[in-house]
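1. Provide a 3D model corresponding to the input given below.
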Amino acid sequence: MPGITIKTSSQGCSTRARGYGAIKENSSTDSKKTEYVFDPVLYKHPDEDKFLIDGMPRWAEPLRDEKYKKESSMLAALKKYVNPYPQTEIEVDYEYIYEPKLLKIQEDFWKGDTLHILADTSYGVTYEDDVRLLSIQYKPLNPYAKPTLTFANFRKDIQDIRMEQEKRLKDQKRYMQKLRMMI
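-> Numbers count the residues shown, from 1 in each chain. Predicted coordinates for the structure are as follows:
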């Protein structure tokens, strides 16, 4: 559909993980004979059946952390660590349509607004999720250009943000050079 770009990434998705807590004080350092304060904890996400690939679960890397001395605290950490939902990012070219009948119910978008979406992944899995408006990009040199709204259901880390800023700067430089050549 023109004006809408949807990107999904299931790279960080997992439905199961094992967690290893603190090592016993008298335990050997050999990885095969290492004894832990509690047995390794296996966590299965409650929605695992919806996200199986060829009938198999998606395993996350084992969570190994010395700070967990209780099985319950490791289980709580695994609940935050395991995430079967793919990351979704949606870019929309916003077009304002003037309709007198909708003026009473129509609202503008602001950063932080949340929308409920239905999405199909590349594996054929359909899921519902909420996406939040992260950015509104205007093109100040072109007063007729539509603003671009970016929605996502995940938080970006600092490296992703820096790469996007560098890409945006390069694109802006190219755009300015194009304008200079036209003049």
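2. Check this structure for its longest strand and report it.
-> Looking across the chain with DSSP state E, the single longest strand is strand 126-137.
3. now the helix or strand just after it, how far from the centre of its chain.
-> The C-terminal neighbour of strand 126-137 among helices and strands, as given by DSSP states H and E, is strand 148-152. Taking C-alpha atoms, centre = their mean, to the nearest Å, one finds the center of strand 148-152 at 13 Å from the center of the full chain.
4. can you give me the strands for the protein?
-> Assigned by DSSP E, the strands in the chain fall at 4-9, 16-20, 41-44, 63-64, 87-93, 114-120, 126-137, 148-152.
5. Out of the ones you listed, which one sits most buried?
-> Most buried of those, by mean neighbour count (mean count of other C-beta atoms under 10 Å): strand 16-20, with a mean of 20. All C-beta atoms are positioned from the backbone trio N, CA, C, and that covers glycine.
6. Report all helices and strands that that strand contacts.
-> The helices and strands touching strand 16-20, judged by 3 or more C-beta pairs under 8 Å, 6 or more residues apart in numbering; DSSP states H and E, are strand 41-44, strand 63-64, helix 71-81.
7. between it and helix 71-81, how many degrees?
-> Using axes from the mean of the first three to the mean of the last three C-alpha atoms, to 10 degrees, the direction of strand 16-20 lies 140 degrees away from that of helix 71-81.
8. ok, and what's touching strand 16-20?
-> Here strand 16-20 makes contact (C-beta atoms under 8 Å, 6 or more residues apart in numbering) with 36, 40-45, 48, 57-65, 68, 74-75, 77-78, 81-82.
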